[in-house]
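S.K.: just a sequence and a predicted model for now, questions to come.
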Amino acid sequence: MKIKEIPAENRPRERLKKFGASALSDAELLAIILQKGVKGENVVDMCNRLISFYGIGNLSNLSFEELHKVYFFCWDDVPGNDSGILLKYMKDDLKMDWVKNAEISKEGNGETIIIKNGEKSAAFKLNKAEKKVILEIASDETYKYILKKENGKIKVYHKINGIGEAKAMQIKALFEFNKRCNLASKCLKKIKYAKEVFEYASNKIPDNNKEYFIVILLDSKNRIIADKIVSVGILNASLVHPREVFRDAIKDGANSIILVHNHPSDDPTPSTDDIKITETLVKTGEIIGISVIDHVIIGDTYYSFKENGKI
């Protein structure tokens, strides 16, 4: 289905205009950037396929070359370990359902892979001179792949349909721009005093009817990397476990952290549990090398463990 055939109210641009960017799916957001799909596939479906293939978490880390081509299979391992990869690609990506129970063999001194099921067949042909592999299907349809010799084995790569040089550039530019925006915003949020923590974290608490335990991650210059809500509910040791507190700090390479939680009563005086939890987390931080530089309790004002000599 072409984008023009989708009802106007369901198209990505119209949905963004009406509901805002946060209402759009990952594929719809990327579709607005890439703008055009390929023959027989609209841009939203193409973006869904792209995200499904790579995974949204990996897409930003791909090199320019990787966006052009992806590892397909090892020629030397078919028939063999890579036979399943080959058949899955043909079935899922090329919609060749007949390959499900097909037989795989090699001919011509190992330079042709034959996939056959009854009267239906396809052949992968090796062309070392041009460094290509060509898939020929009985219907005269052909697909071209790239080959490279690595560690003595022939590796075959294929391109994601629709991602040419221009779209690869758009994707790389998109994530680089996002990275620079994040860096710029981090530079503006530098924490030195408990009052700044109080002002910053007060806006991060969704409501004051529950206790929210937040961890603020800092770099070596006390600039905020991120903030994470670790638990919601009455603060106790079972809810606030060191594993949960330090997980994101380790993953994001934080140099130090600030603990923050609110008291719905508006009295920021620390409870016995608050003190015990703080002591445990400070000791854990010393062991793993990520220091806890303060624990700020938010009420109608704030209480700082650091300013009160408790850290």
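M.R.: Perfect, thanks for sending it.
S.K.: can you show me the helices along the stretch 101-250 of the chain?
M.R.: With DSSP state H, counting those that start in this stretch as the definition, the stretch 101-250 of the chain shows helices at residue ranges 165-188, 194-202, 242-251.
S.K.: for the first one, packing partners?
M.R.: The contact analysis (3 or more C-beta pairs under 8 Å, 6 or more residues apart in numbering; DSSP states H and E) places helix 165-188 against helix 26-34, helix 64-68. No exception for glycine: its C-beta is placed from N, CA and C like everyone else's.
S.K.: which among those is found nearest to Lys149?
M.R.: Comparing the helices and strands packed on helix 165-188 by their distance to Lys149 (C-beta to C-beta), the top pick is helix 64-68, with 16.7 Å.
S.K.: what lies in contact with the closest one?
M.R.: Contacting residues not belonging to helix 64-68 are listed as 159-160, 163-165, 167-169, 171-172 [C-beta atoms under 8 Å, 6 or more residues apart in numbering].
S.K.: pull the CA atoms of it into PDB?
M.R.: Coordinates of each C-alpha in helix 64-68 appear next as PDB, following Å, rounded to 0.1, in the frame of the first residue of the first chain:
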ATOM      1  CA  PHE A  64      28.000   3.900   7.100                       C
ATOM      2  CA  GLU A  65      29.200   0.700   5.500                       C
ATOM      3  CA  GLU A  66      27.000  -1.500   7.700                       C
ATOM      4  CA  LEU A  67      23.900   0.400   6.700                       C
ATOM      5  CA  HIS A  68      24.700  -0.500   3.100                       C
END
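S.K.: hang on, isn't Glu111 packed against Leu126?
M.R.: Yes. Using C-beta atoms under 8 Å, Glu111 is in contact with Leu126, at 4.3 Å.
S.K.: and those two? Which one has more around it.
M.R.: Leu126 (20 against 14; other C-beta atoms under 10 Å).
S.K.: which residues touch that one?
M.R.: Applying C-beta under 8 Å, 6+ apart, we find Leu126 in contact with 75, 111-112, 133, 147, 154.
S.K.: could you pull out the strands for the stretch 201-311 of the chain?
M.R.: Residue ranges of the strands in the stretch 201-311 of the chain, as given by DSSP state E, counting those that start in this stretch, are 212-218, 224-232, 256-262, 291-298, 302-304.
S.K.: deepest in the core, which of those is it.
M.R.: strand 256-262 (a mean of 25; mean count of other C-beta atoms under 10 Å).
S.K.: run through who's touching that strand.
M.R.: Where contact means C-beta under 8 Å, 6+ apart, the residues beyond strand 256-262 that reach it are 191, 197, 201, 204-205, 208, 211-218, 222, 235, 245-246, 249, 274, 278, 281, 285, 290-299.
S.K.: kindly report the same for stretch 214-228.
M.R.: Here stretch 214-228 makes contact (C-beta under 8 Å, 6+ apart) with 186-187, 189-192, 197, 200-201, 204-205, 229-230, 245, 248-249, 252-261, 293.
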